[in-house]
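In: Here is a sequence together with a model predicted from it:
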Number of protein chains: 2
Amino acid sequence: MARTQGSHSDITGPRVREAALRLFAQHGYAAVSMRKIAGEVGVQAGALYKYTPDKQTLLFDLMRTHLEDLLAGWDAVAPKGAALDVLEAFTRFHIRFNTRRADAVFVSYMELRNLVPENFDIIEGLRRDYETRLEAILRRGVAEGRLAVAEPRITAMALIAMLTGINTWFRAQGRLSLAEVEALYWDMVRRTVAGAA
Amino acid sequence: MARTQGSHSDITGPRVREAALRLFAQHGYAAVSMRKIAGEVGVQAGALYKYTPDKQTLLFDLMRTHLEDLLAGWDAVAPKGAALDVLEAFTRFHIRFNTRRADAVFVSYMELRNLVPENFDIIEGLRRDYETRLEAILRRGVAEGRLAVAEPRITAMALIAMLTGINTWFRAQGRLSLAEVEALYWDMVRRTVAGAA
DNA sequence: GGTTTATCTGAACACGCGTTCAGATCAAGG
DNA sequence: CCTTGATCTGAACGCGTGTTCAGATAAACC
């Protein structure tokens, strides 16, 4: 059954990252040892170093991958129409994307302080890029005369905080479906930024 | 200068809690050792056990105290008038209170997973109490016909997430004063929940 | 001024940490 | 079928962990 030594393994790498992500989300980076991650995968701790140079880089790569996927995911689905329509698409995309990757979202936010400064700057840059995507939508809506937003940057961060907060309570098997949550939050987002007209 | 042994000290207790709160916020509970906390206070690690039975209880007491202060603080200033006025007061109170205690807010949210289940339940109960305060305001506003909120509980959590998110970017010496931030966010809160009239 | 007593030190305990590496193992290539 | 080489083991390294406790210290009380 469980192969022991010498086994080539294209699947150990992904399994290491999955286990690390889940354990980091559950217990926190500092509280999870390389031995615990290895135990989840079914190998000894030393074997992990075939897949990451060290624990810090393992964390950093998980966060970077998540944020790059987030940016690429939005860029892939972002429509071209009026700002209000783009904003609705952004809202729904954010909710769908983040509720499906709760562990990665959690880790990418909670473990920032465990990054060495060099890695922290990169992750913060990616996060700023995402905020800037939303900020640009808001600015365009203001230019179009359809949105009333005095401080687009701050409103962008407020909306992202509101939307990401869904992860603290949303459960796929809960009372509300994802579609209902999307509708509820899109209504709140729209009212927060919509112009008087 | 630095007193060594035998010194009675009514001030060591608070200093321990202050140092622990700051270090927990900065590096995370698991990454901060009792020796580091003791070093900040200027004592040996063993001396901390005069002020807390163990590290877990030190964390728990910091979180419990923060949330009890939050609830007591709101109850002390909560006005009695129309729901919309109470909501404005809540918004401004939340912003003022939380920006002044960024470390405690951060720790009380980020370190939940490091609480033993018994302590977790207590902290979660206090947090629910706070959410319920806001939910009740929204429900009353709906009853008064002044607010349009389909899901008061979820809207309450959405607004709290939005408001607490201020802590991720607000700096007292920044471009916007606290009064300006209050005004900006009250405007967003009002638009999110205000009825058509 | 002597006694009391809360406070703090400093060493110890058993244990887990991240990381390294020589050697064992076994799937794949010729 | 034999060789190659990637993969993994298992032990080791030095160090830091939370917690305990006997003994040293000095402020407070009579």
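Out: Ah, there it is. Numbers count the residues shown, from 1 in each chain, chains lettered A, B, ... in the order given.
In: Poorly predicted segments of chain A, please.
Out: Applying pLDDT under 70 to chain A picks out residues A:1-9, A:197.
In: Output the longest helix belonging to it.
Out: Longest helix of chain A, by residue count under DSSP state H: helix A:117-143.
In: Any buried residues in that one, and which?
Out: For helix A:117-143, a neighbour-count test (16 or more other CB atoms under 10 Å in any protein chain shown) marks A:119, A:123, A:126-127, A:130-131, A:133-135, A:137-142 as buried. All C-beta spots, glycine's among them, are computed from the backbone N, C-alpha and C.
In: Can you pull the domain assignment for chain A?
Out: Split into domains by automatic domain parsing, chain A comes to A:1-52, A:55-193.
In: how near is the residue nearest the centre of chain A to residue B:167?
Out: Residue closest to the average C-alpha location in chain A (CA atoms, centre = their mean): residue A:105, at 3.7 Å. Using CB to CB, to the nearest Å, we find residue A:105 at a distance of 18 Å from residue B:167.
In: could you check whether the helix or strand where residue A:24 lies is close to DNA strand D?
Out: Assigned by DSSP states H and E, residue A:24 falls within helix A:12-27. Yes - Helix A:12-27 is in contact with DNA strand D by CB under 7 Å from any atom of the strand, via residue A:12.
In: same deal with stretch A:105-118?
Out: No - Stretch A:105-118 is not in contact with DNA strand D by CB under 7 Å from any atom of the strand; minimum separation 14.2 Å.
In: buried sites along that stretch?
Out: A:105, A:106, A:107, A:108, A:110, A:111, A:114, A:115.
In: end-to-end on it?
Out: 20 Å (CA to CA, to the nearest Å).
In: Is any residue of it near DNA strand C?
Out: No - using CB under 7 Å from any atom of the strand, stretch A:105-118 stays clear of DNA strand C, coming no nearer than 10.8 Å.
In: how about that stretch, does it get close to chain B?
Out: Yes - if you take CB under 8 Å from any CB of the partner chain as the test, stretch A:105-118 does meet chain B, through A:110, A:113, A:114.
In: just to revisit the earlier point, deepest-packed of the domains of chain A, please.
Out: domain A:55-193 (a mean of 17; mean count of other CB atoms under 10 Å in any protein chain shown).
In: what's the spacing between that domain and its chain's center?
Out: 8 Å (CA atoms, centre = their mean, to the nearest Å).
In: where does chain A come near chain B, residue by residue?
Out: Checking chain A against chain B by CB under 8 Å from any CB, the hits are A:26-31, A:110, A:113-114, A:150-151, A:154-155, A:157-162, A:164-166, A:168-169, A:176, A:181, A:184-185, A:187-188, A:191-194.
In: quick one, phi psi at residue A:175?
Out: For residue A:175, the backbone dihedrals (degrees, to the nearest 10) come out as phi -60, psi -40.
In: Spell out which residues sit in contact with it, please.
Out: With contacts defined as CB atoms under 8 Å, 6 or more residues apart in numbering or on different chains, residue A:175 is in contact with no residue.
In: And the contacts of stretch A:177-190?
Out: With CB under 8 Å, 6+ apart, stretch A:177-190 has contacts from A:84, A:87-88, A:91-92, A:95-96, A:99, A:159, A:162-163, A:166, A:170, A:172, A:176, B:150-151, B:154-155, B:158, B:192.
In: Select from those residues every entry located in helices.
Out: A:84, A:87-88, A:91-92, A:95-96, A:99, A:159, A:162-163, B:154-155, B:158, B:192.
In: Among those residues, which one sits closest to DNA strand D?
Out: residue A:99 (32.2 Å; CB to the nearest atom of the strand).
In: Touching, that closest one and residue A:167? I think so.
Out: Yes - assessed by CB atoms under 8 Å, residue A:99 is found in contact with residue A:167 at 6.4 Å.
In: which residues sit against stretch A:22-39?
Out: Counting by CB under 8 Å, 6+ apart, A:16, A:19-20, A:40, A:44-45, A:47-48, A:55, A:59, A:62, A:102-104, A:106-107, A:110-111, A:114, B:27-31, B:113-114 sit against stretch A:22-39.
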